[in-house]
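**Student:** For reference, the sequence and a predicted model appear below.
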Amino acid sequence: MLYLVPTPIGNLEDITLRALRILKEVDLVLAEDTRTSKKLFQHYEISTPLRSHHAHNENQAAAKVVEDILAGATIALISDAGTPGISDPGFSLIRACVEANIKVECLPGATAIIPALVASGLPCNRFYFEGFLPHKKGRQTRLLYLAELPCTFALYESPHRLGKCLEQLAAHCGAEREAVVCREISKMFEEYVKGTLAELAEKVAKNELKAKGEIVIVVAGKEKEKKKKRYAKED
């Protein structure tokens, strides 16, 4: 079978006992970057063999993994941080295993999106997750779509694109729309900076908000326009 095992997004203590047991018991662990995963393995004394499995080789590697599992191997898939398949490699392999009637089991665990939403202070009973916006083609379409959502939405962004992204969100959603920039979740410099989209964009421009580390942007949904009450005129 194939196990999908979430790994810590920062603090190495954010891994479950079950995840550690599975990583030690399987025959092979597929890792997005074996150099990154070795640090986790050394910390928890995991000696299971590692094989590289990333976005550039995933489609070609999936067939070999399916073949290995059908031959009797039990394999785990991990990404550099968080849950495999969530803005990380994994989809092609998972799909191939499902089509081959291989059991796929995903362990619950770390992901940046949930802590960011809950700690943002914005409504999270309903939310939309965008992942990473397209860099060029399709970006405008996605921004227009997000601007009209009635619920809170969240997206991932890289540090060097943070300022531009906030400016574009302000232009499409409105400068006064509430938002929170969540940075380095679970790490030493964890930070939640709240404000309007315009205020946050200005903070980045003035270097008052450090554009470093892993970033989640959480934005309030579009408020419903209040219907104007019409009063009938008395005769």
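**Tutor:** Yep, that arrived.

**Student:** And stretch 2-20, end to end?
**Tutor:** Distance between the two ends of stretch 2-20: 15 Å, counting by CA to CA, to the nearest Å.

**Student:** any low-confidence regions in the chain?
**Tutor:** 225-235 (pLDDT under 70).

**Student:** which residues in it form helices?
**Tutor:** Assigned helices in the chain, in chain order: 17-25, 34-43, 58-70, 91-99, 113-120, 139-147, 162-173, 197-205 (criterion: DSSP state H).

**Student:** is it possible to export the ones you listed to JSON lines including mean neighbour count?
**Tutor:** For glycine as for every other residue, the C-beta is placed from the backbone atoms N, C-alpha and C. Compiled in JSON lines, those are given as follows (neighbours: other CB atoms under 10 Å):
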{"stretch": "helix 17-25", "mean neighbour count": "15"}
{"stretch": "helix 34-43", "mean neighbour count": "14"}
{"stretch": "helix 58-70", "mean neighbour count": "16"}
{"stretch": "helix 91-99", "mean neighbour count": "17"}
{"stretch": "helix 113-120", "mean neighbour count": "19"}
{"stretch": "helix 139-147", "mean neighbour count": "15"}
{"stretch": "helix 162-173", "mean neighbour count": "20"}
{"stretch": "helix 197-205", "mean neighbour count": "20"}
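
**Student:** Ok, which of those helices comes nearest Tyr156?
**Tutor:** Taking CB to CB as the criterion, Tyr156 comes closest to helix 113-120 out of the helices of the chain, the separation being 8.1 Å.

**Student:** Name the surrounding residues that touch that closest one.
**Tutor:** When contacts are defined by CB atoms under 8 Å, 6 or more residues apart in numbering, helix 113-120 is touched by residues 86, 124, 127, 129, 152, 154, 180, 182, 185-186, 192, 194, 216, 218.

**Student:** Throw these into JSON lines and include distance to Ala100, thanks.
**Tutor:** Below are these laid out as JSON lines (distance: CB to CB, whole Å):
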{"residue": "Ile86", "distance to Ala100": "22"}
{"residue": "Cys124", "distance to Ala100": "36"}
{"residue": "Phe127", "distance to Ala100": "33"}
{"residue": "Phe129", "distance to Ala100": "28"}
{"residue": "Thr152", "distance to Ala100": "38"}
{"residue": "Ala154", "distance to Ala100": "33"}
{"residue": "Val180", "distance to Ala100": "42"}
{"residue": "Cys182", "distance to Ala100": "38"}
{"residue": "Ile185", "distance to Ala100": "35"}
{"residue": "Ser186", "distance to Ala100": "35"}
{"residue": "Tyr192", "distance to Ala100": "43"}
{"residue": "Lys194", "distance to Ala100": "47"}
{"residue": "Val216", "distance to Ala100": "34"}
{"residue": "Val218", "distance to Ala100": "38"}
